[in-house]
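Asks: mind looking at a prediction? Sequence and model below.
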Amino acid sequence: MLPIDLMLPIDNDIREQVLTQEGNVVISASAGTGKTYTTVLRIKRDSKENKTFQTFAAITFTRKAAKEILNRLGPNCGDGFVGTSDNFVWSEIIQPFMYDIYGTDFKRDIKPDFSNENQISDFNEGVEKIQNTQLMCKYNDNTKNFAFQLALEILKNSHSARRFMKAKYYRIYIDEYQDSDIDMHKFFMYLCDVLEIPLFIVGDAKQSIYGWRGAYSRGFTGLFEKEGFTRFELRHNFRSNKAIQNYSNIFMDSVREYYQPIDFNNEVILHRYTDKDDASYYIKEWLNLDEKCAMLNFSNDDAKSWCERLNATGLDFVYIPSSPLDYATMESEHIWIARGIANFILKHRYSEYDFRDEIPIPDDFRVFMLKTKLNIIKDSIEQNEVFYGYCYSLYNYLGYDIVTEKIKYEVELLYDVVIDEQYVATYNQDRYKLTSGTIHSSKGLEFNQVIINAGNYDFGRPDIKFLHYVAVSRPEERLLILAENEYIKRRYLGYINHAVLSTSRLGFDIEIENVIKVIK
Amino acid sequence: MIFKHLTIKNFRNFKEVDIDLTNRNIIFGLNDIGKSNFLAALRYLLDRNYRRDGFIDSDYYNKDTSKEISITLTIQIDDNEDDSDNKKIFKMMKGAITSDAEVVFIQLNATYDKKRLVGEPNLFWGIDLDNLEDIPSKQQYFELDKHINVVYIDSSIQLESTFKKYSKEIFKKESSLTDEEREDLTTKIEELNDSVGDLSAIKTFEQEIVEEYKKFRDEQGFNVTIKSEIEVSNLHSKLTPYILNEVCETYPTAGDGRKKILAYTLLTLENRRQEEEKINIFLIEEIENHLHRSMQIALSYQIFSDEVFKYLFMTTHSSLIVSQMDEVKLIKLFKDCLVIGKSHTYIVPEEYKTLKQKLNQNLAEAIYADVVLLVEGPSKKILFERVLHDKCQRYESLGGYILEVDGINFSEYYNILTCLGIEVIVRTDNDLRFNKSRGDVNLLGVNRCLSLISEDSVDNLQINDVDEYEAEEEYRKDVKREIYDDHYSEEIDDLIMSNIYLSRIDLENDLYEAIQELMDDFASDNNSSKNGVDYLQEAKMKHMIGLCKYMNINDIDVIYNHDRFECIRELVSLCCQ
């Protein structure tokens, strides 16, 4: 892949406009179109122009994405907020202003805790829970978002909070907007409609894979028509070649029109196999061993069994199990400590300095102390009780002085992870050429070649079409789709037929042979 | 955003001082009264660089380190929500402000650490003085410091160092030089560097070094070259400001005055650039030093009209620097067992906007005094100064001052000066205004005096014989005497308790009561057929000067001890004894 500035993208004029358009901006950006790059470029430009006391917020959905923006911004960040949406509402609205409408009882530390233990069923119960436990909580219905409902309630009722937000932010940038749920969407719309803070929103409805937990992608697409918003579309895919782009685009109504007639050289293949041995041999034949390849599965078990099968045929695929520390059920205010320790022990070249970057307020802690404590933990891996003790000591140093049941459980799970060799691969994914893992863990990563199973994609089920888009847009060069039997093959071919037909209805001269080669 | 109040406790010469503020504040008082300490308190609170080293034991009042230093600033924030400085405060203080807050407090406390021999400043803010919160900080860099920029200017300012500080900025930006300019400069500088390197003096020096070196160690092929290293990046260090005179000859900006003004200009230019980002607070200390009066007046215009100085704390001894003041808080520090301060908001009253120059000039002189005698016009001042010449010649150096209001209301001065803790003595004529159709007179003089101490006006007085009042001077005088001796004698006695002295009739007639013979002689000596009073009133100022020269020590004694001139005795007793 060429660096962005060396290639002139087909949507070059739009990319210029995106950087200067005033007011609210919504950008739908397909996979690989460099949306984080564009967002960062815009933030840099805006903060250079800005000569006032005001600042910006860049809101992401994952810590990882926030860190990436932070790294790319470097010193341009100033006193801007870069962080996750949860952290944004907690630190900018709930913690500072909750007391302004609920009373001085709430003028205390409210700690974020998004774990499953702290579940509530209605709003008032949540407010009560915060009063009694000083912990943020969440609904047991995971399509509703308590933190954002609370934040919006505070904004609507606290003059001081509104005044603060208006005074502080000249623009708010939100990445991966398609993953917002309806409460987040309402909150963000309040920011632009009522507080008149301009928003710069980037997303891709096609990549919405969090429907199971309430993602509301209509919120995103609705912005295209919303008054006061200027819509842009980034479609030049810097990651994938045209064949891959074509293949991913024709399945999606919104980008089908970007189909480009090309000379098709079997970049996308559908292979119907008889058994896994047959599949493995075919993969061996198909694979370009000089380039990275990822097999993307739906479950850990599938990933593991495919890996074993491929290893048996002499291919050095590495199984990438997802780490139990990354499960959504493990979320808590201090889970980053356990994750950091796991990285420190398992990840190549992950140092105390990287660990310090994970700390919300790193300046309060000394690298020397962190280094000492982390190394003692690493060296005590032989004895679990000793290991726990040193971990608690680090938790203590970072402000968690009481060993709660939750911390205990977290540290015990951490121990299980760091003594289990299979997770070395998980924490060093980018060091392996050939990997077999899950599709969720691949989001944001890039591979030259990708293998998926057609059987996983039943378009009749909710969100599967989007998951399919994420998977097929992942490779840079080549895509192999495996079908385990005739039924799966025919079902999948049916989707392709439909996609090709829809494309030809747009006036393109297109046949199945132009987008995929079907074997057997 | 409006500054409202400052409390300083246990800091340097302040045991406890409470001062009302506004956005432009002028601090004055005697030498060593603590004006600089007043500014220092603000610098500790708001200026990170000043605060950084903490407090030493002598920063504590009476070196009593067992008590805490505490500095508290109150700021009003509900004046205008769209004011960009209020917005800076909203952003800065975040959840420390409730929706209904009208004022916020910023506080510094420092307890002395006897082991480390330093008082570490801790900063707090909030809306409830009894319940302030810590100001978030990182390594002594407080959230406050991101948003407040203190610009401290004093008369020791050096143009050279100030210019050096800001000249760095000139070429700092990438865009400050175009590509052509940069290329052109680089070529020329290379040429220059080569020429310097080729100078024969340098060549000789190189040779000498090599020869000397070889005495230590004879190394084959050893050589030394000396290069000039002027670069585009260090160009700014070679820049010097020059002032052009009218015929366009340049000469280095010599002369303290111009240098200072230019240095002040640089400071304000820099801070004007920062205005949008930060709240600029100017602390200005006695900038009048070394400046000619015209320069001082020029500065005064600038300081009180330029928005960049909208938050100002200025100490000064100069009536010229404050000559253009308006909407300022006058803060007078003085000693009353402890050092205390009094303050008063001074706004040039609407009806005097055109007379501002005059009002301010008088006031600017008077505020520096401790005792002020207010009189109506110049002839009174001439007489009183003559008396004081014999009785207390140095009254001005002892804090006394005679201010002639000359057409401006007494109350304008009276209120401001008394609010500042200055003793005010008033001497005014017993004026009446006759209304023929109603047949009565308004007791202007009495009412003027009563209004100063907030008493109600008295009713008009009915005149028995209207025609005679109009025709006869003596009849009019009798009416005045009646008012003074009978109708309102009690009120007039009360006024005297407040140092407000009403004439029985007017100055000339009062004087006539004391030195009738002398005045009549003075008239006849000047070939006038008029009596002493009439002659004096014929040309008040001119003849008063003459009369004053005419007086001898005994006459002065008589005037000084006369009932009608108690006001002078009061002035002398307040400042000369």
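Replies: Now that the structure is in, tell me what you want to look at.
Asks: list the contacts for residue B:303?
Replies: Applying Cβ atoms under 8 Å, 6 or more residues apart in numbering or on different chains to residue B:303 gives the contacts B:284, B:309, B:312, B:314, B:321, B:324. C-beta coordinates here come from the backbone N, C-alpha and C atoms, glycine included.
Asks: what's the helix or strand for it?
Replies: Using DSSP states H and E, residue B:303 falls within helix B:293-305.
Asks: I'd like the next helix or strand past that helix.
Replies: With DSSP H and E, the next secondary element past helix B:293-305 is strand B:312-315.
Asks: quick one: list the elements packing against that following strand.
Replies: If you count contacts as 3 or more Cβ pairs under 8 Å, 6 or more residues apart in numbering or on different chains; DSSP states H and E, strand B:312-315 packs onto strand B:24-28, helix B:35-46, strand B:279-285.
Asks: of the ones you listed, which is nearest residue B:57?
Replies: helix B:35-46 (15.1 Å; Cβ to Cβ).
Asks: show the average pLDDT along whatever helix or strand comes next after the closest one.
Replies: The helix or strand immediately downstream of helix B:35-46 is helix B:48-51, counting by DSSP H and E. Mean pLDDT, helix B:48-51: 92.
Asks: thinking again about what came up before, make CSV from the helices and strands packed on strand B:312-315 and add distance to chain A and mean neighbour count to it.
Replies: CSV is the format used below for the helices and strands packed on strand B:312-315 (distance: least, Cβ to the nearest Cβ, whole Å; neighbours: other Cβ atoms under 10 Å in any protein chain shown):
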stretch, distance to chain A, mean neighbour count
strand B:24-28, 22, 24
helix B:35-46, 16, 22
strand B:279-285, 8, 22
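Asks: in JSON lines: those, plus distance to residue B:385.
Replies: JSON lines is the format used below for these (distance: least, Cβ to Cβ, whole Å):
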{"stretch": "strand B:24-28", "distance to residue B:385": "24"}
{"stretch": "helix B:35-46", "distance to residue B:385": "30"}
{"stretch": "strand B:279-285", "distance to residue B:385": "33"}
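Asks: residue ranges with poor pLDDT in the chain?
Replies: No chain was given, so I picked chain A. A:1-10, A:113-117, A:208-214, A:360-364, A:443-444, A:520 (pLDDT under 70).
Asks: try chain B instead
Replies: Using pLDDT under 70, chain B drops low at B:173-175, B:243-256, B:577.
Asks: so which bits of it are right by chain A?
Replies: With Cβ under 8 Å from any Cβ of the partner chain as the criterion, chain B comes near chain A at residues B:81, B:84, B:86-88, B:90-91, B:94-101, B:138-139, B:146-147, B:276-278.
Asks: could you list which of these belong to helices?
Replies: B:84, B:86-88, B:90-91, B:146-147 (DSSP state H).
Asks: from these, which would you call buried?
Replies: Neighbour-count burial (16 or more other Cβ atoms under 10 Å in any protein chain shown) is assigned, among these, to B:86-88, B:90-91, B:146-147.
Asks: picking up where we left off before, now the two most distant members of the ones in helices among the residues of chain B next to chain A.
Replies: Most distant of those, by Cβ to Cβ, are B:86 and B:146, 16.3 Å apart.
Asks: all the helices of the stretch 101-250 of chain A, in order from the start?
Replies: Secondary structure of the stretch 101-250 of chain A, counting by DSSP state H, counting those that start in this stretch: helices at A:123-133, A:146-157, A:159-168, A:182-193, A:217-222, A:242-249.
Asks: between these, which gets nearest to chain B?
Replies: Chain B lies closest, by Cβ to the nearest Cβ, to one member of the helices of the stretch 101-250 of chain A: helix A:159-168, at 3.7 Å.
Asks: how about whatever residue of the stretch 301-450 of chain B ends up closest to chain A: what's its closest non-neighbour residue?
Replies: Here the residue of the stretch 301-450 of chain B nearest chain A is residue B:311; by Cβ to the nearest Cβ that distance is 14.8 Å. With sequence-adjacent residues excluded and distances taken as Cβ to Cβ, 6 or more residues apart in numbering or on different chains, residue B:311 is closest to residue B:281, at 4.4 Å.
Asks: dump the residue contacts of that neighbour.
Replies: Counting by Cβ under 8 Å, 6+ apart, residue B:281 has contacts B:42, B:46, B:148-151, B:311-313.
Asks: and for residue B:194?
Replies: Contacts of residue B:194 by Cβ under 8 Å, 6+ apart: none found.
Asks: hmm, 10 Å instead?
Replies: B:227-228 (Cβ atoms under 10 Å, 6 or more residues apart in numbering or on different chains).
Asks: over to the one 3 residues further on?
Replies: In this structure, residue B:197 makes contact with B:203, B:206, B:225-228, judged by Cβ under 10 Å, 6+ apart.
Asks: buried among the residues you listed? Need that as a selection in PyMOL.
Replies: In PyMOL syntax, the buried subset of the contacts of residue B:197 is picked out as below (16+ other Cβ under 10 Å):
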select buried, chain B and resi 228
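Asks: out of the contacts of residue B:197, which are inside helices?
Replies: B:203, B:206.
Asks: which of the contacts of residue B:197 sits closest to residue A:65?
Replies: Nearest to residue A:65 among these, with distances taken as Cβ to Cβ, is residue B:227, at 50.9 Å.
Asks: please name the residues that touch the closest one.
Replies: Applying Cβ under 10 Å, 6+ apart, the residues near residue B:227 are B:193-194, B:196-197, B:202.
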